[in-house]
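Undergrad: structural data only, the sequence is not supplied:
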């Protein structure tokens with residue numbers, strides 16, 4: 001698989017349910033603007049996961065509508081006006097639920113990958 005197709009595949013997988021979890025986890029570490037969120041996800045994943053703005057901002061708006069995050073306009077370190085997102089208490093609760101679900105799914109997939117099929 002070429003590096004370009006691997007990046008594309010990672011993007012597809014990210015869109016299928018993990019983006020919200022990654023955003024909520026990133027905001028657990030503190031308020032951040034959209035570009036900062038994408039950079040943290042990229043850096044923390046060792047450049048494997050890259051979130052396009054076309055995926056990130058709709059997810060941020062969806063999380064805000066769910067009241068899992070809230071936003072406010074502030075100035076960045078570069079004196080630029082940007083919308084900063086912050087986790088709410090409902091978002092912290094949701095993060096715990098999503099992490100639990102992720103761990104359960106990860107354990108289940110790991111069990112399947114680790115076992116050989118039994119004869120039928």
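TA: Okay, I see it. Keep in mind that what you see is a predicted model, and the values were worked out from it rather than measured. Residues are numbered from 1 along each chain as shown.
Undergrad: what distance do you get for residue 22 to residue 81?
TA: For residue 22, the distance to residue 81 (Cβ to Cβ, to the nearest Å) stands at 25 Å. Just so you know, the C-beta spots here come from the backbone N, C-alpha and C atoms, and that holds for glycine as well.
Undergrad: could you do residue 21 as well?
TA: Relative to residue 81, and taking Cβ to Cβ, residue 21 is found at 28 Å.
Undergrad: who's more crowded, these two?
TA: Comparing residue 21 with residue 81 by other Cβ atoms under 10 Å, the one with more neighbours is residue 21, at 16 against 9.
Undergrad: tally of neighbours for the nearest residue to that one once chain neighbours are set aside?
TA: Nearest residue to residue 21, sequence neighbours excluded (Cβ to Cβ, 6 or more residues apart in numbering): residue 98, at 4.5 Å. Neighbouring residues of residue 98 were enumerated by other Cβ under 10 Å; the total is 19.
Undergrad: surely residue 98 forms part of a helix?
TA: Yes - Residue 98 forms part of a helix when assessed by DSSP: H, G, I helix; E, B strand; the rest coil.
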